[in-house]
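Q: Give the three-dimensional model of this entry:
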Amino acid sequence: MKNRDARQFVEIRGFIDSNLTRNITVTTLCRQFIINRTKLQAGFQELFQTSVYAYIVQRRMERAAERILTTDDPIKEIALDSGYKKQRSFNKSFKSIYKDTPGSYRKKYQQSANKDS
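A: Below is the predicted model of the structure:
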């Protein structure tokens, strides 16, 4: 991979990280960065060992998990802020990564935090 291409993929990853609450799709990234879909997906996979979509989901879930643990915000609000229109879809994605529902995840953390106090 050329250095110029690698820099562009790093820039795209930075854009994703800075805009997780926005509706980011592969198509919008292609338009934003003037890159064809195949090159974007192949380059992202080569450089970061994940697909663009999987990266977006992973980062959104990491951010959501942090909010679940550090705030009392309702799960529904966190789901909406994470780019999900339905809490059920959010719960499914969250559970696929953290092997627990967001509510159970929060409950476990709160119990362990209370034990540590």
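
Q: which stretches of this protein aren't confidently modelled?
A: Within the chain, the stretches with pLDDT under 70 are 111-117.

Q: Can you name every helix or strand that the longest helix along it contacts?
A: As assigned by DSSP state H, the longest helix anywhere in the chain is helix 52-70. In terms of contact count using 3 or more Cβ pairs under 8 Å, 6 or more residues apart in numbering; DSSP states H and E, helix 52-70 is assigned the packing partners helix 3-18, helix 26-33, helix 37-48, helix 75-81, helix 87-98, helix 102-116. The way it works is simple: take the backbone N, C-alpha and C, and place the C-beta from them, glycine included.

Q: Can you give the domain ranges for the protein?
A: According to the domain assignment given by automatic domain parsing, the chain is divided into the following structural domains: 3-55, 60-116.

Q: can I get those in TSV with mean neighbour count?
A: Shown next, in TSV, are the domains of the chain (neighbours: other Cβ atoms under 10 Å):
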stretch	mean neighbour count
domain 3-55	14
domain 60-116	15
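
Q: Distance from the chain centre to the longest helix of the chain, please.
A: A distance of 4 Å separates the C-alpha centroid of helix 52-70 from that of its chain, computed with Cα atoms, centre = their mean, to the nearest Å.

Q: Between helix 3-18 and it, find me the angle.
A: Using axes from the mean of the first three to the mean of the last three Cα atoms, to 10 degrees, one finds that helix 52-70 and helix 3-18 are set 40 degrees apart in direction.

Q: Now do helix 52-70 and helix 26-33, the angle between them.
A: Here the directions of helix 52-70 and helix 26-33 differ by 100 degrees (the same axes, to 10 degrees).

Q: I am finished for the moment; much appreciated.
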